[in-house]
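J.: Attaching a predicted model along with its sequence, questions to come.
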There are 6 protein chains.
Amino acid sequence: MVNINTTSRFEIRPSIRVGETSDVYLQRTLTILRNEGVNPLVTTEFRPERGGVLCGVEEALLLLEEVLPDSGSEVWSLGEGESVGAGEVALRIKAPYSAYGLYETAMCGILSSCTAWATAARECVDAAGGTEGGIPIVATPARHVHPNSAAIVDYAAVQGGCISCSTIVGARLAGVTPEGDMPHALPLLLGDSVKAIQSFDRYLPQGVPRVALVDTFKDEAEDALNVAQALRDRLRGVRLDTPAERGGVSIELVREVRARLDLAGLRHVEIVVSGGFYPERIRKFAAAAPVDRFLVGTYIASAKPNSFTADIHEVDGRPIAKRGRIPGVTANPRLDRRI
Amino acid sequence: MVNINTTSRFEIRPSIRVGETSDVYLQRTLTILRNEGVNPLVTTEFRPERGGVLCGVEEALLLLEEVLPDSGSEVWSLGEGESVGAGEVALRIKAPYSAYGLYETAMCGILSSCTAWATAARECVDAAGGTEGGIPIVATPARHVHPNSAAIVDYAAVQGGCISCSTIVGARLAGVTPEGDMPHALPLLLGDSVKAIQSFDRYLPQGVPRVALVDTFKDEAEDALNVAQALRDRLRGVRLDTPAERGGVSIELVREVRARLDLAGLRHVEIVVSGGFYPERIRKFAAAAPVDRFLVGTYIASAKPNSFTADIHEVDGRPIAKRGRIPGVTANPRLDRRI
Amino acid sequence: MVNINTTSRFEIRPSIRVGETSDVYLQRTLTILRNEGVNPLVTTEFRPERGGVLCGVEEALLLLEEVLPDSGSEVWSLGEGESVGAGEVALRIKAPYSAYGLYETAMCGILSSCTAWATAARECVDAAGGTEGGIPIVATPARHVHPNSAAIVDYAAVQGGCISCSTIVGARLAGVTPEGDMPHALPLLLGDSVKAIQSFDRYLPQGVPRVALVDTFKDEAEDALNVAQALRDRLRGVRLDTPAERGGVSIELVREVRARLDLAGLRHVEIVVSGGFYPERIRKFAAAAPVDRFLVGTYIASAKPNSFTADIHEVDGRPIAKRGRIPGVTANPRLDRRI
Amino acid sequence: MVNINTTSRFEIRPSIRVGETSDVYLQRTLTILRNEGVNPLVTTEFRPERGGVLCGVEEALLLLEEVLPDSGSEVWSLGEGESVGAGEVALRIKAPYSAYGLYETAMCGILSSCTAWATAARECVDAAGGTEGGIPIVATPARHVHPNSAAIVDYAAVQGGCISCSTIVGARLAGVTPEGDMPHALPLLLGDSVKAIQSFDRYLPQGVPRVALVDTFKDEAEDALNVAQALRDRLRGVRLDTPAERGGVSIELVREVRARLDLAGLRHVEIVVSGGFYPERIRKFAAAAPVDRFLVGTYIASAKPNSFTADIHEVDGRPIAKRGRIPGVTANPRLDRRI
Amino acid sequence: MVNINTTSRFEIRPSIRVGETSDVYLQRTLTILRNEGVNPLVTTEFRPERGGVLCGVEEALLLLEEVLPDSGSEVWSLGEGESVGAGEVALRIKAPYSAYGLYETAMCGILSSCTAWATAARECVDAAGGTEGGIPIVATPARHVHPNSAAIVDYAAVQGGCISCSTIVGARLAGVTPEGDMPHALPLLLGDSVKAIQSFDRYLPQGVPRVALVDTFKDEAEDALNVAQALRDRLRGVRLDTPAERGGVSIELVREVRARLDLAGLRHVEIVVSGGFYPERIRKFAAAAPVDRFLVGTYIASAKPNSFTADIHEVDGRPIAKRGRIPGVTANPRLDRRI
Amino acid sequence: MVNINTTSRFEIRPSIRVGETSDVYLQRTLTILRNEGVNPLVTTEFRPERGGVLCGVEEALLLLEEVLPDSGSEVWSLGEGESVGAGEVALRIKAPYSAYGLYETAMCGILSSCTAWATAARECVDAAGGTEGGIPIVATPARHVHPNSAAIVDYAAVQGGCISCSTIVGARLAGVTPEGDMPHALPLLLGDSVKAIQSFDRYLPQGVPRVALVDTFKDEAEDALNVAQALRDRLRGVRLDTPAERGGVSIELVREVRARLDLAGLRHVEIVVSGGFYPERIRKFAAAAPVDRFLVGTYIASAKPNSFTADIHEVDGRPIAKRGRIPGVTANPRLDRRI
């Protein structure tokens, strides 16, 4: 996993830092404890509800670095992008409660969302053959989530194994180059698919791969031949995004487009597919259709948060726990000391 | 629905405004069209995949107000908090494409997330008896979502009918007072539940209702009697949050706590419940258990985005549509002109 | 039901008449009985396993007319095309056993096949709104059954309510005009759909409706507009037969083709659909899509035989029955005397 | 499989030869093409929807021999009775379109029906232990299908592995001796089962095996002993055909009849069973009951047609295909040249 | 329900009275309390897990009458044979704990078993049309339960609505005349069914109805005619008990036997059925077959105990309850004071 | 299995011996046969409906010893506690019919009930790891069955592998020491759990293990620590019996109680669990929770009778059987001669 120096890319927003995004009862608790003069050294453990690919720990550590006192604090965690089991301790903080109690909401939220997104991405990547030698997957979740989360969902998807993502902010955070060919708007406004890819080729920098969307006006197989014959060797690929009203992209369609391109001597043209891909469907396509790239948006964006819980297990070195939890620090040799 | 002047509460982040959260292919499209000198008056319609409670339209309108030219633009929409059907046009924009094409990602994202959250909240509210006369529901989704979205998810939940929410930023955006009693940390750090509610009562302003969490160390029924007998009339309620390891909160538990409180002459003490509530479970509790308030977090936070699609239906007054869509403006008499 | 004089259309093949298509044990039985000198007046009743639309009784009667002695025989039956219940007596023969015992196989076979086909057709017709005012259905089962049965399956489908059928022999037997537009071979051999419908229009008699198949090379919506604009008022309709590899015909596709034709001022062009239609799917299309005609082949051809059993209930006026059957003639006031 | 010279047994009916059983649109297509002067060399491939035992190809070849021109035509196919996969090319014709286009309906129909029947028979034969060493199966589908198809369904069943069949025409076409013992009519008309088998023995040729039906008036076990004690060594077997009203034939019944026959020293008497046998039930009986022969009718007769499609893949040597199919000849090394 | 004076029929066995059948921890508890000098007035409530027909309360009351002190005790209960809801208080005891604490095991056991059996019987009776005008049901559970419980299961079945039962002890306890015709042993030892019913008629008192078992050697329909023609007007009925190996008793069999008896002028002969009857099957037979009497054994004997729990709700007038129960006496206006 | 001399422990009740618990038709049969002077040597075989652990054979043999004539009788059986297959002969009697025909009801009843109970117990024992090295199981079915059967159900459970049982009569019959700690009544009447175990310790003999019930008033984990710290080394264990209203006993609860006891240095305190345990749940707990003993009541008490049938297979040395059974003695080399 690529997780060197990712920390510095995150900026903790001021509203998080001052606790405005926290559950209000945490602020009240800190008020009470301050008045009572209670501020012990508290050990809190964070665990996910389900297993998956841990993500968000770098952002959480950045926040902790800003708020924990230099001496006397300890933070242990699994690494960004590592697998985590259901109920396994992924993050352990030992520090004065007043220094970090307020951020329980934010830290649980970061870990819950990011781990869910990264895990969903990983499921797709695994279904396509894995990060080594599998068919590449580009994450396109942005249009399904609030733009405040656009960058972080793209980042998490790349942590999960996607080769790239669709937004500039997400790509910057993840340290990759963003990908994207053309929306249906382009051929619609220029009048046809051939004209669209020709303008695309004329006006965009050479570094941008020429990939034509081929289902706007005509049947995909016909349109694919049209654009390929227009751009010949300059064309990198065609994207099939058949709408549900036409049955969606099917394995047979990919095979037929491939066969018709090959018959026309256009073997170099790649086939990109998009539209409602999820792991089981990706697995079937990867096994039976000559796909060169998958775009996955909804499945990653729809990942149910993998809720993390934060439980106190020690207070001033004494094992303790609420009813239902085991008192004392939970052994986990996989954790590394981070702070 | 409370939707007067909510618009002004949102701040559009600069990264959205400059298109950094957009899919990169939209930027490329604008570059191409600019070079081609193509900038027609385009009518785009936004529709949700599923029915629900529309939310996010005010924030989208704020963005459009910032970017659309004063003359020649038209924007029509349903109202924030109104119901919307599956595939119904919820927002229609008619404006020069160059003015708003870049924001398709952001607008779809805002509507997809917010509508999903508001709808999930509404399902809970309806299960509890509705906004008129039903049992109130407080939204606590913040710890399950990335803090970047903490405010907006709380706002959407209130639009869906929740009486309040748990974060300061969310409450501010939604125009309500945030709610929250105490986390398990408070009794754990102070040593017992009675001590916790006594400190709570001593140090917090009178306006904050005294609600004690009663499952930290002891059986809920025993603990509830303890805290109630300690604070008597000053106690507003007890919160039951039984962990899964103890079977979670059950209808029978609520009934028994109510009965034991009543037997002890403590009829004024309310019962608040939290922990994994979702509509069907809320419905069963509302019908059979004397609950005074539900806290709902996971269900709202886990709402699957209700993906909105944006389709071009007219270009310079001429009906057009990509394959799979019906050309021309779609009639919807429920829309109001907003810009 | 149209059942006047249909009898005379059937020709009983010689091999049936001489008993060659009978189970061999019936021939052996007649040999034994002849040697024993046993030839009582036997009453046999024919009943179907399941309920449905009775068909084949006219052909069976024709066979009986050829073989039963003029005096002393009685035949009672329900009418061709009438409904019959599960286990209801549909045909009763009282005659010397030697005159008809040999034909039990043929009579059961005629009734089992024809009743199954007619019932399947009726289910489709009912799903499309019935024979009065529903959307018409044309039967096209011939390519799924051995050609020896091509005429009789078409005849049974029309008895079940289909408006027409696809073979010349079937249409002749059923007393209707056969229907058919064009196979994919025509546009394939002529090069495109427009050329195909133009040749069709040029060389076929005026009585043949001009219906163009529009999914051979191009997207259906595009192709439909092309052929309609080529033939204008001379075009009666277009047929959608989208292959499974393109998702099959969908309700949305029919609606979109209708909308695009209407936008182009081609409201008179009808829409015919074919390809894997069965009652439940017909019902959904009839309710939601502007279809003008259904073609149904597989469902009718695949109808499981509704097996008829023939049981002896009286011998020389004495009630008798094999174990498991009730001795004596079964009352059924719906039967009419036919011979 | 026995498929040498079976071709000559079929007679192509005149109505098939003149195209009267074809879909009428094929006749119209030939008219148009003739007027256009279009008659290319066309390669058509026939494939089944599901896998199974190919049957009907000999009859189809006989038809093609009658109609194709001597020079310039090529026909390739799998062999009669060979296995065929789902979607595998089973028959390929390369010839002038005008010579064979008209027979697409008939050829698809022959292959669809016969392959379905042969496959159903094979499933039963396999369930009974296979053609080598398994329990023999006699096909008795005739009473469930229209007599026009009686011969061909029996023929297909024998191609599928049945040891014999029940009709004279079917047996003649398949090259076997027909089988059959007695219908319930015989004991009913002669008065009891013992009398029936005695007359059977007296009047039928020695070559016909003496098998008595034993469930007409009495319990099967009692009746079996009665007939066996009456005919002793002359009796070949008893047939159990218990009606559904008495629970049908059961494994326990077969075992008990076997045990009672053995106790009475009648070990040579075979047990034949009939009545609603299908593969799974045959498998259970073959594993647990001492059955000597199965009769199977309904299952074979009810086989759903395995629809064959005919697609054009080359025109005058040029790869072509309708949308949804791959242009060009499909490689299949299993095919043999037949014409 | 017949419940007057049934109490006196039960004899409480000495081992119950001295507590030997109690859970040993109850004896230990009484030892401890005696040593502690603790013997308060305790109110205990008994409730069933599921709803049903209450049975066993008379036997429980008889036990309580023997052990409770004359003054100061109160016992309230629903009536024997009355319906009881799930969790409804069916029996309430208020008395010194030392007088009855030991019998909790016995009282729960009596109520659990008897209520389950009576409820199962009632389900059968209801399925047969109810106690008024329905088809009578005779209980024959004895051979499926340990003989120690033979009397009590028969008694409970009659409380549930059965018209009679099969054992002498059961009938005596229930106050009815026992019923039974003949086992298969009788025809087996006498050689045939006709001989069996003739001996039955010769040697048994006139009060015993002549009912012949007709499935021992021959087919039921044949055998029924044989015995009916042998005994004519002296025969009350025939019993069908077809073994599973012959398909069990079927609706069609009953109909056929009825028809053959009627054809022979034996309309007075009743039809009794036995062998694996349960409510749903009884319902189908009652609706469709001319049955005069059902025998039900397994279903009643197999009824899962409807476990009763005994909970303390008051001690010396003070509301109390273990965790999970509501303190204080539970209101139930349906209870009557019994002691 | 412990089955030496268990026979002598049973006492056959007089009402069984005189046939009062028999089906009345057996008495009638004996009357008839006596009058007819028919009393052959009859071989009867007893078989269970389902496989399981045979139980009751010792009690049945004791009955037979009392009634069979000394000479000329043979009894063969499998051993008490041995496995028996579905339909396998478990008991074979060859004796004059008049000597034992009357007891068919009682013998079937004994075997049906006892085998069902023993089998259910065995399933639990197997789920807990088997009799060698598994977690011990104590049977507590008495409160779910009529007290007449309390002894025999306990006996059968021990035959099935339970280490002990809860009633004095059951333990005596099974040859074990009864087990039981305390009902909820004890802490309820003494005021709290600590007081209850202290009195228990003070007044009961040293041989009775000190096991405290810990869920009456407080949370189990808290209560367990309380009683353990009160009795220290004198405490053998704690019993968890959490009510359904508190979620029942869970694996997590057992783990947590274990952890809290261990943290407090109370590793010697065992954990006993009770309340609705059945094999699948036992299996999960045995695999994942540190349980030292299971109490199982309902599952054993609710075992559906495994109905035994008794069939005559020989009369005076001649093979015979009713319709549906195989005449003659059934070979079973596992049987041993017992009488």
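T.: Good, I have the coordinates. This is a predicted model, so every value here is computed, not measured. Numbering: from 1, shown residues only, chains lettered A, B, ... in the order given.

J.: which stretches of chain A form strands?
T.: A:41-48, A:52-53, A:74-77, A:83-84, A:91-96, A:137-139, A:164-165, A:211-213, A:237-240, A:270-273, A:293-296, A:308-315, A:318-319, A:336-337 (DSSP state E).

J.: Partner strands of the first one, with direction?
T.: Using DSSP bridges, the neighbouring strands of strand A:41-48 in the sheet come out as strand A:91-96 (antiparallel), strand A:308-315 (antiparallel).

J.: Could you report the pLDDT at the residue in the stretch 151-300 of chain A that chain C sits nearest to?
T.: The nearest approach of the stretch 151-300 of chain A to chain C comes at residue A:247, 1.2 Å away (CB to the nearest CB). C-beta here means a position set from N, CA and C on the backbone, and glycine is covered the same way. Looking at residue A:247, its pLDDT stands at 90.

J.: In contact with the nearest residue to it once chain neighbours are set aside, which residues?
T.: Closest residue in space to residue A:247, ignoring its immediate chain neighbours: residue C:247 at 1.2 Å, by CB to CB, 6 or more residues apart in numbering or on different chains. Residue C:247 sits next to A:242, A:246-248, A:250 when contact means CB atoms under 8 Å, 6 or more residues apart in numbering or on different chains.

J.: Tell me which two in those are the farthest apart.
T.: A:246 and A:250 (9.8 Å; CB to CB).

J.: hmm, back to that, specify which member of the contacts of residue C:247 is nearest to residue D:281.
T.: Once CB to CB is applied, the member of the contacts of residue C:247 that ends up nearest residue D:281 is residue A:250, at 37.8 Å.

J.: Chain C contacts on the stretch 101-250 of chain A?
T.: Within reach of chain C by CB under 8 Å from any CB of the partner chain, the stretch 101-250 of chain A has these residues: A:217-219, A:222, A:242, A:244-248, A:250.

J.: if we can go back for a sec, can I get the strands of chain A in CSV including mean neighbour count and mean pLDDT?
T.: Below are those laid out as CSV (neighbours: other CB atoms under 10 Å in any protein chain shown; pLDDT from 0 to 100):
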stretch, mean neighbour count, mean pLDDT
strand A:41-48, 22, 98
strand A:52-53, 24, 98
strand A:74-77, 20, 98
strand A:83-84, 20, 98
strand A:91-96, 22, 98
strand A:137-139, 29, 98
strand A:164-165, 29, 98
strand A:211-213, 27, 98
strand A:237-240, 24, 98
strand A:270-273, 24, 98
strand A:293-296, 25, 98
strand A:308-315, 21, 98
strand A:318-319, 12, 96
strand A:336-337, 10, 97
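
J.: Where do the helices of the stretch 51-200 of chain A begin and end?
T.: Along the stretch 51-200 of chain A, counting by DSSP state H, counting those that start in this stretch, helices occupy A:57-67, A:97-100, A:104-127, A:150-159, A:168-174, A:185-190, A:193-203.

J.: and these, which is most packed in?
T.: For the helices of the stretch 51-200 of chain A, the largest average neighbour count (mean count of other CB atoms under 10 Å in any protein chain shown) is found in helix A:150-159, namely a mean of 30.

J.: What's the local residue count around residue A:205?
T.: 7 (other CB atoms under 10 Å in any protein chain shown).

J.: err, residue A:204, not the other one
T.: Neighbourhood size, residue A:204 [other CB under 10 Å]: 17.

J.: Distance check, the residue lying closest to residue A:146 once chain neighbours are set aside against chain C.
T.: Nearest non-adjacent residue to residue A:146, counting by CB to CB, 6+ apart: residue B:113, 4.1 Å away. Distance, residue B:113 to chain C, by CB to the nearest CB, to the nearest Å: 27 Å.
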